[in-house]
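J.: what would the 3D arrangement of this be:
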Amino acid sequence: MPRMCAPRLTLLSSLLLVATACAAPTALPANVHSTPPPAQAAIPLGGAVVLPRDHVLARRAPGDLRVVSYNIWHDSIFQAGSDRQQRFVRVARALDADVWALQEVHARPEDAERLFDRLLPLPAGRHWHARYAATCLTVSRYPILSHRYRTPHAAKMVGLSLVDLPDDRYRRDLYVVHAGFTCCGGPANDPVRQREADQVAAWLRDVKVPGQPWTLAAGTPIVVAGDLNIIASRAPVRTLVEGDIHDEATFGPDAAPDWDGTALADPEPRHLARGSETWTWRSDGSGFPPGRLDYVLFSDSVLQAVHAFVLDTVALTVDERRDAGLRDTDVVLGPGRLGEGYRWDHLPVVVDFRER
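T.: Next up is the predicted model:
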């Protein structure tokens with residue numbers, strides 16, 4: 001369990017946010033600190049895995065945009081040479097995502113950029129781009145045109161990033177709202193999580209108001225991703241999906257979050273896109289049953305989810321793991337006590353998008 005917590009765009013000039021108005025302050029928040037850069041010898045040479053076209057982890061089409069939300073467990077991927085880092089290297093190369101929403105990160109963005117540049121080097125001298133918001137880090141293979149880590153309501157830091165998608169492949173850019181809601185506490189923390197959801201819903205309403213420095217161009221694809229820590233009431237998820245704000249006195253009136261006046265879509269990813277399991281977190285012996293804590297929601301008026309799954313390397317077949325360069329333990333913390341079973345935490349949630 002974590003402790004964290006438009007008009008069509010054709011040119012760069014069609015910014016969905018005004019970068020100068022939305023730029024984050026140069027000073028880092030107090031809880032963001034530098035970690036040592038990954039050791040050069042820690043990451044083996046290689047790049048993205050070329051998967052068979054019919055592989056369960058493969059994109060349905062090369063141009064599909066892949067977003068992954070993953071709570072990485074206490075900065076573990078930045079521990080140079082560690083087994084946990086090596087597991088993430090294999091996962092990252094198998095998934096080959098365009099945008100990563102990583103939680104439980106305290107590393108500076110430049111540390112993440114350096115790590116991704118080594119494990120998934122980009123062609124033509126291009127580099128990965130990362131932006132933070134508390135313990136949430138958004139990492140993109142495409143430039144981030146503008147970024148905020150606070151809304152005017154400031155219930156909690158939330159990453160708000162405009163990703164500059166290539167104009168020759170996509171008609172519009174992508175707006176990523178990256179949230180990590182307060183953990184634990186059971187029902188006692190439900191009001192805290194509800195306030196955090198109200199904040200995001202209010203922001204999705206306000207970015208559609210014309211004339212503001214943060215106003216999005218109409219029709220901007222929106223993705224809301226992160227570890228929402230939904231262990232009791234599901235009302236915060238309903239607030240994000242439907243725009244049903246509970247504390248209207250503080251956050252203003254309800255507003256449907258999609259551009260067509262409807263709710264956001266939830267692809268409800270299943271483990272490996274088969275079967276019925278949807279849980280994304282598990283900790284046997286914790287007193288909590290496996291639960292769905294991690295989400296990727298989206299504006300389905302302008303996007304469609306063409307493939308969605310929770311990556312469970314334990315459930316992959318031997319052939320699927322071999323073809324993806326993965327091992328059974330790559331998304332678990334390790335073997336269970338006395339070598340029985342596995343010790344789990346969060347699993348990656350993967351969604352591939354296509355423009356409508």
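J.: let me see the ranges of the helices in the stretch 51-200 of the chain.
T.: With DSSP state H, counting those that start in this stretch as the criterion, the stretch 51-200 of the chain has helices at 83-95, 109-119, 190-206.
J.: can you put these in JSON lines and add mean neighbour count, mean pLDDT and distance to Phe181?
T.: C-beta: built from backbone N, CA, C; applies to glycine. Shown next, in JSON lines, are these (neighbours: other Cβ atoms under 10 Å; pLDDT from 0 to 100; distance: least, Cβ to Cβ, whole Å):
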{"stretch": "helix 83-95", "mean neighbour count": "20", "mean pLDDT": "97", "distance to Phe181": "23"}
{"stretch": "helix 109-119", "mean neighbour count": "19", "mean pLDDT": "96", "distance to Phe181": "21"}
{"stretch": "helix 190-206", "mean neighbour count": "22", "mean pLDDT": "97", "distance to Phe181": "5"}
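J.: nearest to Ala217, of those?
T.: helix 190-206 (14.4 Å; Cβ to Cβ).
J.: show me what whichever helix or strand comes after that closest one is in contact with.
T.: Later in the chain than helix 190-206, the nearest helix or strand by DSSP states H and E is strand 222-227. Applying Cβ atoms under 8 Å, 6 or more residues apart in numbering, the contact partners of strand 222-227 are 2, 4-5, 67, 69, 71, 99, 101, 103-104, 136, 174-181, 200, 204, 216, 240, 257-258, 264, 293-299, 303, 346, 349, 351, 353.
J.: how close does Arg53 get to Pro62?
T.: 10 Å (Cβ to Cβ, to the nearest Å).
J.: what's the answer for His129, then?
T.: In terms of Cβ to Cβ, His129 sits 21 Å off from Pro62.
J.: next up, the contacts around the residue nearest the centre of the chain.
T.: Residue closest to the average C-alpha location in the chain (Cα atoms, centre = their mean): Ala101, at 2.6 Å. Applying Cβ under 8 Å, 6+ apart to Ala101 gives the contacts 67-70, 136-138, 159, 176, 178, 225-226, 296.
J.: quick one, what contacts the closest residue in space to Gly252 that isn't next to it in sequence?
T.: Excluding the flanking residues, the one nearest Gly252 by Cβ to Cβ, 6 or more residues apart in numbering is Ala202, at 5.5 Å. Ala202 makes contact with Thr151, His153, Ile245, Phe251, Gly252, according to Cβ under 8 Å, 6+ apart.
J.: if you set the cut-off to 10 Å instead, what comes out?
T.: 151-153, 155, 239, 243, 245, 247-248, 250-255 (Cβ atoms under 10 Å, 6 or more residues apart in numbering).
J.: can you say which of the residues you listed are buried?
T.: Buried members of the contacts of Ala202, counted by 16 or more other Cβ atoms under 10 Å: Thr151, His153, Ala155, Thr239, Gly243, Ile245, Phe251, Asp254, Ala255.
J.: can you tell me the element Ala308 falls in?
T.: strand 303-310.
J.: now do the buried residues in that strand.
T.: Buried residues in strand 303-310 (16+ other Cβ under 10 Å): Leu303, Ala305, His307, Ala308, Phe309, Val310.
J.: and which of these is nearest Ala324?
T.: Nearest to Ala324 among the buried residues of strand 303-310, with distances taken as Cβ to Cβ, is Phe309, at 12.5 Å.
J.: do I have it right that that closest one meets Arg59?
T.: No. Shown here, Phe309 and Arg59 do not form a contact pair, counting by Cβ atoms under 10 Å, at 11.5 Å.
J.: worst-scoring helix or strand of this protein, pLDDT-wise?
T.: Least confident element among the helices and strands of the chain, by mean pLDDT, DSSP states H and E: helix 19-22 (a mean of 35).
J.: which stretches of the stretch 51-200 of the chain form strands?
T.: 65-71, 99-103, 129-133, 136-140, 144-148, 159-163, 174-180 (DSSP state E, counting those that start in this stretch).
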